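S.K.: Take a look and give me a structure for this.
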Amino acid sequence: MSKDAEPLVSVRSLSVRFGRQEVLRDINLDVPAGETLALIGESGCGKTVLLKCIVGLLRPNEGQVTFDGRDLATLSERDLSQLRIRFGFVFQGAALFDSMTVAQNVAFPLRQHTTRSPEEVEDIVLARLTEVGLPENVVPKKPAELSGGMRKRVGLARALVMNPELMLYDEPTTGLDPVMSDVINELILRTRKRHPVTSIVVTHDMRTAQKVADRIVMLSPATRLDDDESQILYDGSPRRIESSSDQRVIDFVQGNAGSRLLEMANSHRGGD
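M.R.: Next comes the predicted model:
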């Protein structure tokens, strides 16, 4: 990836509020084509909300999101739907259709958005399932018959069938054991090697962030910041995050609750 690559995704002065609750405040972020970006931060910092804004599922109160130079706010719902064909989503819970077989789940985007023949669809489905390491005997099974890791891989296969330009992963390893988490990490890396794809990975898992990402951006909950503080606490290389000068970043990376416990204790005392 060239440092001079044009951003595929650009976020400018983006703010999101739900009622009086400020979730995102004045976010500025570029994601160059070909980059894998990990978005990290504690619960409530707005990672998934930012992801939804990037794909046009949520309109910000202020600011702008552009994809491939197109301002999402200027697009009709029909144009947005067409644009989303260029996105691949891997949802936290896989979000498979329970009533459909594995084959039907993976084939769903192809049947919705293309005129490929049943034979072509079957070939693509089998190729994508093989790519994520699933045997052919899973094809007739329903999601309930699969393990959590297998469901995640079916979700990844479905996300890949349309050859997306932008892959979006929302907590791809949540609920998985360490070995299966690393399988998913390896699949994210392989996906990038096999396809010319830009990726945004929302995760709490530092092993995932440090293994798959070219760059890590860490957000802080807006409610815990002073008015003049940036919500982006870190934006840089995975290698350098552990030497950040911001103690909040170090605490998150190391899983250290000391500072947060002290903050919670002071907050309780202030409310007495």
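S.K.: Could you list the buried residues of stretch 114-133?
M.R.: 121, 124-126, 128-129, 131-132 (16 or more other CB atoms under 10 Å). (Glycine included, C-beta is placed from N, CA and C.)
S.K.: Same list (those residues) but as TSV, adding pLDDT.
M.R.: Listed next are those as TSV, based on pLDDT from 0 to 100:
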residue	pLDDT
121	91
124	91
125	92
126	92
128	89
129	92
131	87
132	86
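S.K.: Tell me the one of the residues you listed nearest residue 29?
M.R.: Nearest to residue 29, judged by CB to CB, of these is residue 132 at 28.7 Å.
S.K.: who are the neighbours in contact with the closest residue to that closest one other than its chain neighbours?
M.R.: Spatial nearest neighbour of residue 132, excluding adjacent residues (CB to CB, 6 or more residues apart in numbering): residue 153 at 4.2 Å. Residue 153 makes contact with 132-134, 183-184, 187 under the criterion CB atoms under 8 Å, 6 or more residues apart in numbering.
S.K.: okay if I get those residues as TSV plus secondary structure?
M.R.: TSV is the format used below for the contacts of residue 153 (DSSP: H, G, I helix; E, B strand; the rest coil):
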residue	secondary structure
132	coil
133	coil
134	coil
183	helix
184	helix
187	helix
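S.K.: returning to that earlier point: could you dump the buried residues of stretch 114-133 to a markdown table with secondary structure and distance to residue 6?
M.R.: Shown next, in a markdown table, are the buried residues of stretch 114-133 (DSSP: H, G, I helix; E, B strand; the rest coil; distance: CB to CB, whole Å):
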| residue | secondary structure | distance to residue 6 |
| --- | --- | --- |
| 121 | helix | 33 |
| 124 | helix | 30 |
| 125 | helix | 33 |
| 126 | helix | 35 |
| 128 | helix | 28 |
| 129 | helix | 33 |
| 131 | helix | 28 |
| 132 | coil | 30 |
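S.K.: And these, which is closest to residue 113?
M.R.: When the buried residues of stretch 114-133 are compared for distance to residue 113 (CB to CB), residue 121 comes out closest, at 11.4 Å.
S.K.: Verify the stated contact: that closest one with residue 111.
M.R.: Yes - between residue 121 and residue 111 a contact is recorded at 6.7 Å, counting by CB atoms under 8 Å.
S.K.: Helix or strand: which one has residue 65?
M.R.: Element membership for residue 65, per DSSP states H and E: strand 62-67.
S.K.: Could you list the low-pLDDT ranges of the protein?
M.R.: Applying pLDDT under 70 to the chain flags the ranges 1-5, 93-94, 258-272.
S.K.: got the contact list for residue 61?
M.R.: Going by CB under 8 Å, 6+ apart, residue 61 touches 15-17.
S.K.: gap between it and residue 25?
M.R.: Using CB to CB, to the nearest Å, we find residue 61 at a distance of 10 Å from residue 25.
S.K.: can you list residues touching both of those two?
M.R.: The overlap between the contact sets of residue 61 and residue 25 (CB under 8 Å, 6+ apart) consists of residue 15.
S.K.: Please tell me which one of the contacts of residue 61 counts the most neighbours.
M.R.: Sorting the contacts of residue 61 by how many neighbours each has (other CB atoms under 10 Å) puts residue 16 first, at 22 neighbours.
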